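>>> only geometry, no sequence info:
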C-alpha cells in the first residue's frame, strides 16, 4: 500500500469514497459535489483543499481530505474534513496510514492543532481517536447553516 498526494485523475475515485461515506453516515442524498468541483477546488493556484490517497495494487482504497484554517487562539491549524476507507478494505491499515500522514503533515507545517468531526454513534472511531491521543470534545456543538438557511437569513435581513 502507498500513501500519496492525490492527482486530478483521482477525483472520480475520491468522489466514490465521499459517496460511500455519505451512505455510511445515513445521508446518501446529501452529496452534491461533482468531480469537476473537486478538480476546480483542489487543483487551482489557490487550492481550497488537499487530498491524500491510499493506493493498493493501483487501486485507490482510501483518502484523507484536509484544509488549513486559522484559529484566533492557536494560529494555523489543519481541519481533516474526511478520512474514508472503502468498506471492503477496512482493517488493512489504510485508515491508520492516512491518519498518520495527516498528523505528520501537521507536524511538518508546525500547526498547533488538527481537528475533525466524528458522529457520536461512531463508537469504534471515537475509541480509535482517543486511543491515539486525540481529545473528543463533548461540550462543543457543530453549527451549520445550509443553502436554505442562508437564503432565509438574507431575505429576512
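Nice, I can see it. Worth saying up front: this structure is predicted, and the values here are computed from it rather than measured.
>>> for residue 32, helix, strand, or coil?
Classification of residue 32 by DSSP: H, G, I helix; E, B strand; the rest coil places it in coil.
>>> look up how far residue 39 lies from it.
15 Å (Cβ to Cβ, to the nearest Å). For glycine as for every other residue, the C-beta is placed from the backbone atoms N, C-alpha and C.
>>> of the two, which one has the most company?
residue 39 (17 against 7; other Cβ atoms under 10 Å).
>>> could I get the full set of strands for the protein?
Using DSSP state E, the strands of the chain run over 2-5, 50-56, 59-71, 75-85, 114-115.
>>> of all those strands, which one is nearest residue 148?
strand 75-85 (21.7 Å; Cβ to Cβ).
>>> what angle sits between the closest one and strand 50-56?
Here strand 75-85 points in a direction 30 degrees away from that of strand 50-56 (axes from the mean of the first three to the mean of the last three Cα atoms, to 10 degrees).
>>> sheet partners, orientation included, of strand 75-85?
strand 59-71 (antiparallel), strand 114-115 (parallel) (DSSP bridges).
>>> find the centremost residue of this protein, please.
Residue closest to the average C-alpha location in the chain (Cα atoms, centre = their mean): residue 82, at 1.8 Å.
>>> ok, residue 84 to residue 3 distance?
14 Å.
>>> actually residue 76, not the one I wrote
22 Å.
>>> compare these two (neighbour count), which wins?
For residue 76 versus residue 3, the count of surrounding residues by other Cβ under 10 Å is larger for residue 3: 18 against 14.
>>> so the more buried one is in contact with residue 52, correct?
Yes: Residue 3 is within contact range of residue 52, at 5.7 Å (criterion: Cβ atoms under 8 Å).
>>> name the residues contacting each of those two.
98, 101 (Cβ atoms under 8 Å, 6 or more residues apart in numbering).
>>> for residue 146, which of the strands of the chain is the nearest?
It's strand 75-85; of these, that one is closest to residue 146 (Cβ to Cβ) at 16.5 Å.
>>> who's in contact with the closest one?
For strand 75-85, contacts defined as Cβ under 8 Å, 6+ apart pick out 17-18, 20-21, 49, 54, 61-71, 92, 94-95, 98-99, 102, 105-106, 109-116.
>>> got it, and stretch 43-58?
1-6, 8, 10, 13-14, 41-42, 60-67, 81, 85, 89, 92, 94, 97-98, 101-102.
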